[in-house]
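A.B. asks: can you look at this prediction? I've put the sequence above it.
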Amino acid sequence: MGLRSRLKKMLGREPQTQPEPPPKRVRSKAAYRDRSARPIEHHPETQAAPEPQALPEPATPEPAAPEPAVPDPAASPPVQNDAERQDGVWRVRFVNEDQGLDVTIDCPQDEVILLVAEENGVDLPSSCMGGGCTVCAGRIVEGDVHQDDQYVLMDEDLEQGYRLLCCSSPRSDVTILTHQGDEADGG
């Protein structure tokens, strides 16, 4: 008994066969050559783009300002002390020639320098905001700051004027060289 007979007996009917697929159409090389002789149909989306219109004349750029240099402490105005400053707000100047930075902000003496800088749109590097890294380190070029709760700067770093801006407050007008995290590595 063949397979068909067994299937017919099990199913109680004649098994259905699948229709044969249509034969593949094979084109000869001549058919492809003939096809290339047919005219090409152009579609609007493939048409050449219209000629571009003339753009208005660009404004002439203003000459760039020279790069600011790291300030010379001798050339800076004298730092005021607490007796001369009644309102407790100090001028904090951030400088970094490589970053093109020379910005001065007013900072109350009971506020954290980095936070006041951010509030005033000064983009300075920061990470932990708690004195546990040196990402926000700056070097005090002139003036005095009070620093609390830092855990990473060594005595040598402090002697060289490095301070963490995330835990420092001004005690006078101050100039700070920013972006010093790599130099003040805490050890």
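C.D. replies: Noted; the coordinates are in hand. Not measured: the values here are computed from a predicted model.

A.B. asks: just the helices in this protein please.
C.D. replies: Along the chain, the stretches classed as helices by DSSP state H are 3-11, 29-36, 113-119, 155-159.

A.B. asks: mean pLDDT lowest where, among these?
C.D. replies: Here the helices of the chain differ in mean pLDDT, and the lowest is helix 29-36 at a mean of 50.

A.B. asks: okay, and the helix or strand of the chain with the least pLDDT?
C.D. replies: Within the chain, confidence by mean pLDDT, DSSP states H and E is lowest for helix 29-36 among all helices and strands, at a mean of 50.

A.B. asks: now do the strands in the chain.
C.D. replies: In the chain, the strands defined using DSSP state E lie at 89-96, 101-108, 137-142, 145-147, 162-164, 168-170, 174-177.

A.B. asks: including mean pLDDT, distance to D123 and mean neighbour count, could the ones you listed go into JSON lines?
C.D. replies: The C-beta positions use only the backbone N, C-alpha and C, and glycine is treated the same way. Output for the strands of the chain, formatted as JSON lines (pLDDT from 0 to 100; distance: least, C-beta to C-beta, whole Å; neighbours: other C-beta atoms under 10 Å):
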{"stretch": "strand 89-96", "mean pLDDT": "96", "distance to D123": "10", "mean neighbour count": "21"}
{"stretch": "strand 101-108", "mean pLDDT": "95", "distance to D123": "9", "mean neighbour count": "17"}
{"stretch": "strand 137-142", "mean pLDDT": "96", "distance to D123": "14", "mean neighbour count": "22"}
{"stretch": "strand 145-147", "mean pLDDT": "93", "distance to D123": "20", "mean neighbour count": "18"}
{"stretch": "strand 162-164", "mean pLDDT": "94", "distance to D123": "17", "mean neighbour count": "27"}
{"stretch": "strand 168-170", "mean pLDDT": "95", "distance to D123": "18", "mean neighbour count": "24"}
{"stretch": "strand 174-177", "mean pLDDT": "96", "distance to D123": "14", "mean neighbour count": "24"}
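
A.B. asks: need the ones you listed in CSV with distance to L153, can you?
C.D. replies: Shown next, in CSV, are these (distance: least, C-beta to C-beta, whole Å):
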stretch, distance to L153
strand 89-96, 19
strand 101-108, 20
strand 137-142, 7
strand 145-147, 8
strand 162-164, 6
strand 168-170, 11
strand 174-177, 14
